[in-house]
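Asker: model the following, please.
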Amino acid sequence: MKISILIIFLLVAFQGFSQKKKKADPKDAKIDSLSKANGALTVKLDSVSKNQKVYYGLYTTIKDKVLMHDFNPANLSQIIDSIRVSRDSTTSLLAAPVASLKDTVSMLRKENIKLKANLDSLSVAAGGPVDKSKLIAELKELKGLLDAKIITQAEFDAKKKKLMDQWQ
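Answerer: All right, here's what the predicted structure looks like:
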């Protein structure tokens, strides 16, 4: 019994191995190549879809927050130029007054110091009494100018000596 089953099994196995392989059908080869191409295109489509989501999000943000109206790609260069011009003009308008104000304030401080020195020299030359509180206030003001780096240490020392000479 075992032998007969073994013989039947061997006959079936040899029959399967002895069959000729049939030639590949050209239609099957074409179907396989088209399937591979379809798989590759599907992968590319997935990556494009991911990029589209990113760019669409960027587009809607720009449209809603910057342009505030629908975007027309044909007018992109005009939109970029208008944004650049408005940015540059705003920056220049903001920067110009600040620089001129800084110059004006420093000039006014220097002029104020000169006028105070002239006033002090006039009061001393006139022989008027020198008030200690006024001298202390002037010394504090000089120290403030030195701390603010408006005057140098040498200028501070010279002005301090001049004030101290007036006090004596």
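Asker: where along this structure do the helices fall?
Answerer: Applying DSSP state H to the chain gives helices spanning 2-18, 26-62, 76-125, 132-147, 153-167.
Asker: check which residues of stretch 153-168 are buried.
Answerer: The neighbour-count check on stretch 153-168 (16 or more other CB atoms under 10 Å) flags 156, 159, 163 as buried. Heads up, the C-betas are built off the backbone N, CA and C, glycines and all.
Asker: in TSV, list those along with distance to Asn75.
Answerer: Below are the buried residues of stretch 153-168 laid out as TSV (distance: CB to CB, whole Å):
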residue	distance to Asn75
Phe156	61
Lys159	63
Leu163	68
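Asker: pLDDT for those residues - can I get that in TSV?
Answerer: TSV is the format used below for the buried residues of stretch 153-168 (pLDDT from 0 to 100):
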residue	pLDDT
Phe156	90
Lys159	88
Leu163	84
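Asker: quick one: Ala154 from Ser133, how far?
Answerer: 27 Å (CB to CB, to the nearest Å).
Asker: also Gln52?
Answerer: Distance of Gln52 to Ser133, given as CB to CB: 77 Å.
Asker: with Lys36 instead?
Answerer: Using CB to CB, we find Lys36 at a distance of 98 Å from Ser133.
Asker: number of nearby residues for Arg84?
Answerer: Arg84 has 10 neighbours, counted by other CB atoms under 10 Å.
Asker: and the pLDDT at it?
Answerer: Taken from the predicted model, the pLDDT recorded for Arg84 is 72.
Asker: now the chain, which segments are flagged as low pLDDT?
Answerer: Within the chain, the stretches with pLDDT under 70 are 11-24, 63, 65-73, 86-102, 123-131, 167-168.
Asker: at 50 instead, please
Answerer: For the chain, no stretch has pLDDT under 50.
Asker: before we move on, back to that, out of Lys36 and Ser133, which sits in the busier spot?
Answerer: Shown here are Lys36 and Ser133; by other CB under 10 Å, Lys36 has more neighbours (10 against 7).
Asker: could you measure from that one over to Asp103?
Answerer: Counting by CB to CB - Lys36 and Asp103 are separated by 73 Å.
Asker: next: Leu34.
Answerer: Distance, Leu34 to Asp103, using CB to CB: 76 Å.
Asker: same question, Ile150
Answerer: From Ile150 over to Asp103 (counting by CB to CB), the distance is 13 Å.
Asker: compare those two (neighbour count), which wins?
Answerer: Set Ile150 next to Asp103 and count neighbours by other CB under 10 Å: Ile150 wins out with 15 against 10.
Asker: ok, that one touching Ser106?
Answerer: Yes - between Ile150 and Ser106 there is a contact under CB atoms under 8 Å: 7.2 Å.
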